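1. Return atomic coordinates for the entry below.
(one chain, ligands or ions: 1)
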Amino acid sequence: MPNPFYVTTPIYYVNDVPHIGHAYTSVLGDVLSRWHRLVGDEVYFLTGTDEHGQKVQEAAAKAGRTPQEHVDLTSQRFREMGRLLDLTNDRFIRTTDKDHVEFVQSVLQGLWDKGEIYKSSYKGLYNVRDERFYSESDIREGRGPAAGEPVEEVEEVNYFFKMGSYQQRLLDHIEKNPAWIVPDFRRNEVLGFLRQPLGDLCISRPKSRLSWGIELPFDKDFVTYVWFDALLNYVTGPRGAKRADGTSWWPASVHLIGKDILTTHSVYWPTMLMGAGIELPRQILAHGWWMADGQKMSKSLGNVVDPFEVARKYESVGGAEAFRFFLMRDMVVGQDSSFSEAGMVKVVNGDLANDVGNIVSRIRKQVATQFEGKVPALPATLFDASKELKAKAESVLAEVPNQMRLFRVSFALEETMSLARAINSYLENTAPWKLAKDGSKRQELAEVLAVSSEALRLLLVLLSPYIPRKASEALALLGESAAPGKLAWGLLPADAEFKDGPVLFPRLEVKKPEADKPKADAKQAPAATAAVKSPFELVDFRVAKVEAAEDHPSAEKLLVLTLDVGELGRKQVCAGIKAHFSAADMVGRKLLLVANLKKAKLRGVESQGMILAADNPDGSVHLLSPEGEPGSFARVDGYDHLPGQNLAIEALDPVVLEVRGGQLVFEGKPVTAGGAKIACSAVDGAKAH
Ligand code: MSP
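-> Take a look at the predicted model:
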């Protein structure tokens, strides 16, 4: 029977847009899954979205949608990230899925029936962003520690899980299972935490305060605490899927998490499972944080790394795979790392374009010219340099599984790349291009090409978890694939054809950031019109959030809006929508703004742009509701963002944006901002202007 490997990522909050942090854990899960499949294990890989809670309820209200509509829309961008990064997850779970809701309720009922949950009054300092109570000592100047956001005093009756009664059992478990939390220093952190008395866990929220959650089955006036609901996704996920031998997938082999959610996973979660009589997960792996160019990433700094952006910029050279490769190569699992495009380009060029690309082209050329494209058979006895390369390949084949077992993915990749370097040295030392010129060295030449081709095949199989597409395209040139059972020396059949093909590992060039991300004050040369594919590219459409709105002092039809436009700062815009929306309707809404129009004065009030809305034939006006963060720009596949400056309003005439199926489209393609499509309630065919 194959070994089971069940791996999970955290489920992501739908209020955020996918960033490098989400991408990293997801790719790590995918690489581990692909690796385990390759070595013949039976794999289940789970990821998804965390969709309940106060923040979601508030965001939905602001966007004028029901919470369900809101999460249906926002969870999509995480699915899109999965497609972008080629994740091979078996399920994308959403905490609003029916089977999950039912399972959470059955666990709650079971705990209630066993007396593990009790009702009591609670007074504490609550922070909405973190969806949790803080103790007095956590608070500085009325703000919670994690996000620095305000806390409010809340007193209410709630339900509590007897978490404290499991403290000793949990300590014993961690002490008896030294590898339960990896890396070691994180385990020590948890042990330190558990030396303090462990309180009980408040697991409910009164519906009067929060209705967007899973109802407690034994009290309809309450919903369950978002973490209680979220953590159980790991058990719900594969409940409907049995292993080949009919057994169930739980317990998970490993939960991959970021270091910030260690306590919830290694204290709340195991005690909940103990209470419910469910086995504990086998391991928890806490990874570090990505920074951007050495700085902490934050929305206010505008340096959050967007996987869509990176993939798009380097699309022609396999951007998504370059990104995957860099994430895995650069971060030592457990430590923090820093992302920069220049860093990614350097690593990808060094390892893939140079090392792997060279091997492919060197061998292919000699096989084509000297052996009519057929790789010679491996001889039974090898000369010394060949024996050495074979021994190197076999030592890498033995070492990589050890590293992977310890989740030391960057080390496994380093081992793998050491094979690439060994193949290149072998080629340099044996110099097949010289052997080819000497008719008496035919046999030696055949051996060099056979040995190096086999080593290349293994190298590509070993790389396949990281760069699955590129590796399988390259393997296909040899008529091979990365399938279970392929990780052994000597499997390339005699006379395997080495096909010709395009350059698979092209060099990346660092793209100038200015072209994609104009900074607020950057003096830009007007975009060269010749390079512009469509007038759409010249318009700077941005997500803007209404901070304040008031009636225009003298123009009856106008509202004066103060907009937060992220990196572009604050803008004041006069909008002719007063007949349809009151000033109060507008505050907190996100809109689509044309941010690079020439300034204008409308009846004495300056307007620094124009917001877009679509008209229905019945005369009603429908605003666009983008999801992205303020300042994110709208884009359409195939078009660049090359905004000019001080556009005249007529520049918008050729840019026909319309609504199709409740979404904004340009030339039939969806317009997105921050990775999400832009919703609009106008009818099909309504034009946005
Ligand atoms: N919804 C909870 C998890 C519930 S799991 C039962 C949550 N979601 S999150 O979207 O805020 O975070 C998801 C993951 O992203 C966490 O593991 C977090 O550590 C990770 N990261 C967020 N920012 C990150 C970086 N800058 N770098 C690396 N990972 C980071 O928490």
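2. Any chance you could list what contacts stretch 415-430?
-> With contacts defined as C-beta atoms under 8 Å, 6 or more residues apart in numbering, stretch 415-430 is touched by 351, 355-356, 358-359, 362-363, 385-386, 388-389, 392-393, 396, 399-400, 403, 444, 448, 451-452, 455-456, 458-459, 462-463. In short, each C-beta sits where N, CA and C put it, glycine included.
3. Filter those down to the buried ones.
-> Buried by 16 or more other C-beta atoms under 10 Å: 351, 355-356, 358-359, 362-363, 385-386, 388-389, 392-393, 396, 399-400, 403, 444, 448, 451-452, 455-456, 458-459, 462-463, out of the contacts of stretch 415-430.
4. Tell me where the model's unsure across the stretch 351-500 of the chain.
-> Nowhere does the stretch 351-500 of the chain drop to pLDDT under 70.
5. which non-adjacent residue is nearest the residue sitting nearest the centre point of the chain?
-> Nearest to the geometric centre of the chain sits Ala23, at 2.4 Å (C-alpha atoms, centre = their mean). Residue nearest to Ala23 in three dimensions, not counting chain neighbours: Pro307, with 4.3 Å by C-beta to C-beta, 6 or more residues apart in numbering.
6. returning to what we had before: just the buried ones among the contacts of stretch 415-430: which are in helices?
-> Here DSSP state H is the test, and these give 358-359, 362-363, 385-386, 388-389, 392-393, 396, 399-400, 403, 444, 448, 451-452, 455-456, 458-459, 462-463 as lying in helices.
7. Name the nearest residue to the residue in the chain that the ligand sits nearest to, sequence neighbours excluded.
-> Going by C-beta to the nearest ligand atom, the ligand is nearest to Gly258 of the chain, at 1.6 Å. Closest residue to Gly258 apart from its sequence neighbours, by C-beta to C-beta, 6+ apart: His287 at 6.0 Å.
8. Find the least confident helix or strand in the protein, judged by mean pLDDT.
-> helix 513-516 (a mean of 44; mean pLDDT, DSSP states H and E).
9. So for Asp564, what's the pLDDT?
-> Predicted confidence (pLDDT) for Asp564: 89.
10. coming back round to it: could you report the neighbour count for the residue of the chain closest to the ligand?
-> When counting by other C-beta atoms under 10 Å, one arrives at 18 neighbours for Gly258.
11. Would you confirm that it contacts Gly21?
-> Yes: between Gly258 and Gly21 there is a contact under C-beta atoms under 8 Å: 6.4 Å.
12. At which residues are the strands of the stretch 451-600 of the chain located?
-> Using DSSP state E, counting those that start in this stretch, the strands of the stretch 451-600 of the chain run over 541-551, 559-564, 570-575, 590-594, 600-602.
13. Kindly reformat those strands as CSV containing mean neighbour count and distance to Pro626.
-> Output for the strands of the stretch 451-600 of the chain, formatted as CSV (neighbours: other C-beta atoms under 10 Å; distance: least, C-beta to C-beta, whole Å):
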stretch, mean neighbour count, distance to Pro626
strand 541-551, 21, 4
strand 559-564, 23, 12
strand 570-575, 21, 15
strand 590-594, 26, 5
strand 600-602, 13, 23
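14. and those strands, which one is worst for confidence?
-> Comparing mean pLDDT over the strands of the stretch 451-600 of the chain, the weakest stretch is strand 600-602, at a mean of 83.
15. Which other helices and strands does the first helix or strand past that strand going along the chain contact?
-> On the C-terminal side of strand 600-602, the nearest following helix or strand under DSSP states H and E is strand 605-607. The contact analysis (3 or more C-beta pairs under 8 Å, 6 or more residues apart in numbering; DSSP states H and E) places strand 605-607 against strand 570-575, strand 600-602.
16. Quick one: name the residues of the stretch 451-600 of the chain near the ligand.
-> Taking C-beta under 6 Å from any ligand atom, no part of the stretch 451-600 of the chain reaches the ligand.
17. Flag the shaky bits of the protein, pLDDT-wise.
-> Residue ranges of the chain with pLDDT under 70: 135-148, 511-533, 567, 641-642, 645.
18. what does it put close to the ligand?
-> Within the chain, the positions adjacent to the ligand are 10-13, 16, 21-22, 24-25, 50, 230-231, 233, 257-258, 260-261, 289-290, 297 by C-beta under 6 Å from any ligand atom.
19. and those, which of them are in strands?
-> By the criterion of DSSP state E, membership of the residues of the chain next to the ligand in strands covers Pro10, Ile11, Tyr12, Tyr13, Asp50, Ile257, Gly258, Trp290.
20. Check those residues and tell me the two furthest apart.
-> Within those, Asp50 and Trp290 form the most distant pair, 19.7 Å apart (C-beta to C-beta).
21. Look at those two and report which has more neighbours.
-> With neighbours defined as other C-beta under 10 Å, Asp50 and Trp290 compare such that Asp50 has more, 26 against 22.
22. partner residues bridging the more buried one?
-> When bridges are called by DSSP bridges, Asp50 pairs up with Tyr13.
23. That one and Asp16 touch, don't they?
-> No: using C-beta under 8 Å, Asp50 makes no contact with Asp16, being 10.1 Å away.
24. Double-check that Val43 belongs to a strand.
-> Yes: under DSSP: H, G, I helix; E, B strand; the rest coil, Val43 falls within a strand.
25. Could you count how many residues lie near it?
-> Val43: 21 surrounding residues under other C-beta under 10 Å.
26. Also the one 4 residues further on?
-> As a burial measure, Thr47 scores 28 neighbours (other C-beta under 10 Å).
27. excluding its backbone neighbours, what's nearest it?
-> Nearest non-adjacent residue to Thr47, counting by C-beta to C-beta, 6+ apart: Thr9, 4.3 Å away.
28. residue contacts, the one you found?
-> Thr25, Ser26, Leu28, Gly29, Leu46, Thr47, Leu256.
29. what's the answer for Asn89, then?
-> If you count contacts by C-beta under 8 Å, 6+ apart, Asn89 has them with Gly29, Asp30, Ser33, Phe45, Leu46, Thr47, Gly82.
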